[in-house]
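K.L.:
just coords:
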């Protein structure tokens, strides 16, 4: 039956010729199943099951392949953003004006995050093994963009420097602007803290406000998503207050996250080097705080060397100072490194073999951060 405009109604084979049966669907018809006369219903060009065309985004397939290749999905926040969150005052939205360590530590976190995402690693050279870990050269393994602006900017600079590779210590210095070479001053990453804070605003974790500081106004970023910061604090406290070799589940990110044990270790070590870890210990007693700092010293000492857990040092400068205080208070009982060695074994399970060049780079960055007090 044709209409005045030239349109015609398409009838299904076997349907009744009455107008009532044309408008009302048959009770025996199912969207994906066979009809009453035994013929299968087809949906050519539809997105239902059985259709021949289904819309998909190729980037989703690439993301699934990347997650399977790297051992899990990428977390919502990077290590740099988590360290920044620990340092921010919840209601005021700015960092301490007296913190000189966080800028240098954030540049080290950039290298750690790129290594965890399998973008960079140490140069595989037998002659390089004789050099100190922090002086070994860095190379780009995969120059594919990560989707994080600061990471992609640093990766692009490293890729452009492949003809004249630099060491771990050299890259941390250059990204921080700590160089006397005027030809290398362009490698400095500027306004890292502000750019990270704006990224957290885009992710809904922070919000932007303006506060008046005497003669000028300054943009601040108070915490908008309190649960996100609380989860970071809980993970750090759970890892550093554990007394057994088993890693508590509350110290780790969500199940399926890529390298979540290694990320937990890097978070507490970087926060310790950035002098923001004490912000997470507000609810602990004095004795528990000292024990948590002591454990963080032990964790940093075991992971700031290669292979992990092969340190023979007695600890960092802060560790020795706290040990002296404990001796003066009459409490010199050693905590031991047995519980930390269990953490080392869990991290080794996330490595790609015994000679993982990306994890060697992480160890080198942690070695640089462990000497941050002497560098500054």
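P.N.:
Looks like it arrived, so ask away. Treat the numbers as computed from the prediction; the structure is a model and nothing was measured. Numbering: from 1, shown residues only.
K.L.:
just for the stretch 151-300 of the chain, where's the confidence low?
P.N.:
Nowhere does the stretch 151-300 of the chain drop to pLDDT under 70.
K.L.:
Now do the helices in it.
P.N.:
Along the stretch 151-300 of the chain, counting by DSSP state H, counting those that start in this stretch, helices occupy 168-176, 192-202, 226-241, 260-273, 286-303.
K.L.:
how about those helices, which one is nearest residue 363?
P.N.:
helix 286-303 (6.4 Å; C-beta to C-beta). Glycine gets a C-beta too; all of them are placed from N, C-alpha and C.
K.L.:
What are the buried residues along that closest one?
P.N.:
Going by neighbour count (16 or more other C-beta atoms under 10 Å), the buried part of helix 286-303 is 289-303.
K.L.:
Residue 368: which of those is nearest?
P.N.:
Residue 368 lies nearest to residue 300 out of those, by C-beta to C-beta, at 11.5 Å.
K.L.:
if I read this right, the closest one contacts residue 368, doesn't it?
P.N.:
No: with contact defined as C-beta atoms under 8 Å, residue 300 does not reach residue 368; the gap is 11.5 Å.
K.L.:
Can you tell me which of the buried residues of helix 286-303 is closest to residue 310?
P.N.:
Taking the buried residues of helix 286-303 together and measuring to residue 310 by C-beta to C-beta, the closest member is residue 302, at 8.2 Å.
K.L.:
ok, that closest one touching residue 308?
P.N.:
Yes: Residue 302 lies in contact with residue 308 (C-beta under 8 Å); the separation is 6.4 Å.
K.L.:
Overlap of the contact sets of these two?
P.N.:
Common neighbours of residue 302 and residue 308, counting by C-beta atoms under 8 Å, 6 or more residues apart in numbering, are residue 344.
K.L.:
Now do the same contact list for the closest residue to residue 157 other than its chain neighbours.
P.N.:
Distances taken as C-beta to C-beta, 6 or more residues apart in numbering place residue 187 nearest to residue 157, at 5.6 Å, with adjacent residues excluded. Listed by C-beta under 8 Å, 6+ apart, the contact partners of residue 187 are 157, 161, 174, 175, 179.
K.L.:
From residue 104, how far out is residue 187?
P.N.:
15 Å (C-beta to C-beta, to the nearest Å).
K.L.:
can you check residue 247 too?
P.N.:
According to C-beta to C-beta, residue 247 stands 28 Å off from residue 104.
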